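# missing the sequence, but the structure's below:
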Ligand code: LLP
């Protein structure tokens with residue numbers, strides 16, 4: 001069971017991605033390495049774009065939440081495919097700019113944008129700033145006015161939904177560092193303030209309920225609450241929002257226990273809810289923005305490692321140590337996220353063994369997963385971890401001074417380097 005259709009096993013029993021032999025890729029590019037199938041990324045971008053336009057209307061736009069995977073080439077791909085992007089820092093804005101991404105299609109997020117961030121956004125001509133709080137709103141107004149500009153904004157609203165996901169990645173609750181809760185009155189207060197300022201132009205509202213969500217209910221609730229909020233604002237102030245950004249959050253299949261999501265069907269369901277509610281509340285159907293991150297890129301990527309040591313501790317665990325670990329994939333250490341791993345050079349042998357896949361850091365929590373079903377491994381084997389396209393490279397660190405792996409894009413039978421491997425020299429480049 002290989003989880004995703006672009007992964008297969010060839011006649012030699014090797015795992016393939018996009019038709020390319022992973023053992024050959026490991027030989028060519030070294031390990032650890034992130035390998036991503038560009039066709040899968042592009043296809044998923046198109047799935048979202050087509051479904052959004054079909055079900056929400058021609059002006060709907062999926063904006064790729066680039067915190068999930070950020071490097072210059074991914075912004076070029078998003079630009080080519082006609083998507084918008086969500087950026088959350090000056091660094092992401094800078095990378096997008098380098099890639100020539102059209103600034104008008106950028107949504108600039110973050111709960112603590114600095115004056116420098118806001119200035120950069122204004123100077124770049126960022127299309128929409130998603131304002132998180134009153135301090136930011138006032139700062140943006142001041143900076144925009146000083147530049148003789150008026151910045152288009154959305155306000156981040158907290159609808160107060162618990163999406164039953166991992167606590168550390170819940171962001172739609174009332175008790176959140178993000179946004180302005182409707183129930184406390186904070187949302188209405190910041191909305192009225194925004195409407196009174198000349199340096200900003202309020203287009204509508206944003207919410208994001210959480211991440212790795214499989215049920216449609218949290219999205220249904222969010223759509224209900226947000227549309228009603230638009231109607232409340234209209235009643236109270238006369239302002240009718242023309243744009244509603246529903247955030248990201250649809251889940252992906254990390255293991256065979258996770259469902260396969262029909263993204264187009266999910267978008268159709270959410271669109272029907274927004275439409276019905278808009279009609280019922282007497283407001284015009286807003287332009288809808290979706291902000292998927294994980295579900296656009298996670299499945300496309302795998303990570304290849306070389307096995308170094310195999311240690312069996314009778315009565316306890318079996319350990320397989322690989323030449324990467326929490327610096328290239330911190331998600332087990334942070335969230336106990338489960339992954340699927342297999343021995344890429346014997347991908348046709350059954351996963352009849354159980355092992356804890358460990359990294360090479362001096363830290364016992366440096367694990368890719370515990371007690372994972374996998375084939376037996378020996379030093380020199382290539383171990384593949386699947387579904388690592390999101391929140392792996394973008395969350396990578398240099399802990400223990402490990403250089404970050406390269407990102408290799410495969411497409412139509414060819415592989416190319418999108419991000420080269422860091423060298424030891426790169427590691428000391430900033431040291432004085
Ligand atoms: N929009 C906003 C405002 C967000 O905060 C996020 C994710 C997204 C969109 C995209 O959500 P997605 O479609 O990827 O679920 N590092 C964590 C995930 C943190 C997500 C933070 N916000 C992880 O590795 O699971």
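Sure, I can see it. All figures in this text were calculated on a predicted structure; none of them were measured in a lab.

# for the ligand, what are the nearby residues on the stretch 201-350 of the chain?
By Cβ under 6 Å from any ligand atom, the residues of the stretch 201-350 of the chain that approach the ligand are 208, 211, 247, 248, 249, 291, 292, 293, 294, 295, 331, 335. For the C-beta atoms, the positions are set from N, CA and C on the backbone; glycine is no exception.

# Count the residues that sit near residue 404.
For residue 404, the count of nearby residues is 20 (other Cβ atoms under 10 Å).

# any idea how the protein splits into domains?
Per the record, the chain has its domains at 7-30+300-428, 38-297, by automatic domain parsing.

# Dump the ones you listed to CSV, plus mean pLDDT.
Shown next, in CSV, are the domains of the chain (pLDDT from 0 to 100):
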stretch, mean pLDDT
domain 7-30+300-428, 97
domain 38-297, 96
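
# sorry, back to before: buried ones among the residues of the stretch 201-350 of the chain next to the ligand?
Buried members of those, scored by 16 or more other Cβ atoms under 10 Å, are 208, 211, 247, 248, 249, 291, 292, 293, 294, 295, 331, 335.

# and which of those is nearest to residue 280?
Of all those, residue 280 sits closest to residue 247, with 22.1 Å by Cβ to Cβ.

# and the closest one, what is it in contact with?
Applying Cβ atoms under 8 Å, 6 or more residues apart in numbering to residue 247 gives the contacts 172, 206, 207, 208, 209, 222, 290, 291.

# what's the answer for residue 413, then?
Taking Cβ under 8 Å, 6+ apart as the criterion, residue 413 is in contact with 18, 19, 20.

# In strands only, show me those.
In strands, judged by DSSP state E, the following of the contacts of residue 413 are found: residue 20.

# Out of the contacts of residue 413, the closest to the ligand would be?
residue 18 (22.3 Å; Cβ to the nearest ligand atom).

# what's the spacing between the closest one and residue 261?
Using Cβ to Cβ, to the nearest Å, residue 18 is found at 21 Å from residue 261.

# Next: residue 403.
On the measure of Cβ to Cβ, residue 403 and residue 261 end up 34 Å apart.

# again, but for residue 127
Applying Cβ to Cβ to residue 127 and residue 261 gives a distance of 28 Å.

# For residue 48, the count of nearby residues, please.
With other Cβ under 10 Å as criterion, residue 48 counts 24.

# ok, the closest residue to residue 318 other than its chain neighbours - contacts?
Spatially, and ignoring its direct neighbours in sequence, residue 318 is nearest to residue 355 (4.3 Å; Cβ to Cβ, 6 or more residues apart in numbering). Counting by Cβ under 8 Å, 6+ apart, residue 355 touches 310, 317, 318, 319, 320, 371, 372, 374, 377.

# Checking residue 355 next. Helix, strand or coil?
At residue 355 the chain is in strand, as set by DSSP: H, G, I helix; E, B strand; the rest coil.

# What's opposite it in the beta bridge?
Taking DSSP bridges as the rule, residue 355 bridges to residue 372.

# which residues in the stretch 301-432 of the chain form helices?
331-335, 424-428 (DSSP state H, counting those that start in this stretch).

# and the last one, how far from the chain's centre?
Helix 424-428 has its C-alpha centroid displaced from the chain centroid by 28 Å (Cα atoms, centre = their mean, to the nearest Å).

# Kindly report the same for the first one.
Computed by Cα atoms, centre = their mean, the chain-centroid distance of helix 331-335 equals 15 Å.

# And that helix, what does it pack against?
Contacts defined by 3 or more Cβ pairs under 8 Å, 6 or more residues apart in numbering; DSSP states H and E place helix 331-335 against strand 367-374.

# how about the strand it packs on against the ligand, any contact?
No: applying Cβ under 6 Å from any ligand atom, one finds strand 367-374 separated from the ligand by no less than 13.7 Å.

# Just give me the longest strand of the chain.
Longest strand in the chain by number of residues, with DSSP E as the criterion: strand 301-312.

# got the buried residues for stretch 227-237?
227, 228, 229, 230, 231, 233, 234.

# For the last one, grab phi and psi.
Note on residue 234: its backbone torsions stand at phi -60, psi -50 [degrees, to the nearest 10].

# which residues sit in contact with it?
By Cβ under 8 Å, 6+ apart, the contact set of residue 234 is 240, 241, 283.

# And those residues, which is closest to the ligand?
Nearest to the ligand among the contacts of residue 234 is residue 241, at 17.3 Å by Cβ to the nearest ligand atom.

# Who's the closest spatial neighbour of that closest one, skipping the chain neighbours?
With Cβ to Cβ, 6+ apart as the criterion, residue 241 has its nearest non-adjacent residue at 3.5 Å, and that residue is residue 204.

# sorry, back to before: so which of the buried residues of stretch 227-237 comes closest to the ligand?
Nearest to the ligand among the buried residues of stretch 227-237, counting by Cβ to the nearest ligand atom, is residue 229 at 16.9 Å.

# quick one on the thing from earlier: between residue 18 and residue 261, who's got more neighbours?
More crowded of residue 18 and residue 261, by other Cβ under 10 Å: residue 18, with 22 against 16.

# is it true that the more buried one touches residue 414?
No: counting by Cβ atoms under 8 Å, residue 18 does not reach residue 414; the two are 9.2 Å apart.

# Could you give the number of residues near residue 226?
Per other Cβ under 10 Å, the neighbour tally for residue 226 reads 25.

# For the longest strand of the chain, enumerate the helices and strands it packs against.
So strand 301-312, by 3+ Cβ pairs under 8 Å, 6+ apart, packs with helix 22-29, strand 33-37, strand 318-322, strand 382-386.

# Nice, that's everything, thank you.
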